[in-house]
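Asks: Next input, structure requested:
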Amino acid sequence: MHPVLREAYERELAAAREDCAAGRLDQAFAHLERAHILGQSFTLPHARAHWEMLKVGWKRRDTVEITGQIVRIAGSLLVTWVWVPVGNTGGARVPPFKPMPIPEELQKLLREYGRG
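Replies: Numbers count the residues shown, from 1 in each chain. Model prediction:
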């Protein structure tokens, strides 16, 4: 992962941790969705985004999110090197194989520093 992309990814994770600690779970999850988009082409960052989503699901006691993230963690470890649905936000309530529009500011980062 390019250092510029890694920095943006880590910033989203840090913002998610801060929001989560303050009880702002919806905002935390939104940052994790952005981290997922940035890291989904790289196996460990992809799996880490899902792990963090699982933790938010656990705090919410959201069984759909918990179950979905367990499946997605396994999937991210097994298939990231083959294919990812570009732009997918990674939450359990979106189809796991559906490409999705990427926010413009993330498109720029991915175009310049992403894989592919």
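
Asks: C-alpha only now, for contacts and for neighbours.
Replies: Fine.

Asks: those helices in this structure, which residues are they?
Replies: For the chain, helices defined by DSSP state H occupy the ranges 3-21, 25-39, 43-60, 63-79, 104-113.

Asks: Might you report the residue contacts of the residue positioned nearest the centre of the chain?
Replies: Closest to where the C-alpha atoms of the chain average out (Cα atoms, centre = their mean) is His36, at 1.9 Å. By Cα atoms under 8 Å, 6 or more residues apart in numbering, the contact set of His36 is Pro45, His46, Ala49, His50, Asn88, Thr89, Gly90.

Asks: can you rerun that using 6 Å?
Replies: By Cα atoms under 6 Å, 6 or more residues apart in numbering, the contact list for His36 reads Ala49.

Asks: Start the count at 48 instead of 1 going forward.
Replies: Done: numbering now begins at 48, and the last item shifts to His83.

Asks: And it, how far from Lys155?
Replies: Taking Cα to Cα, to the nearest Å as the measure, His83 falls 16 Å from Lys155.

Asks: Spatially, what comes nearest to Trp128 if we skip its sequence neighbours?
Replies: Thr90 (6.8 Å; Cα to Cα, 6 or more residues apart in numbering).

Asks: and that neighbour, what pLDDT?
Replies: What the model reports as pLDDT for Thr90 is 96.
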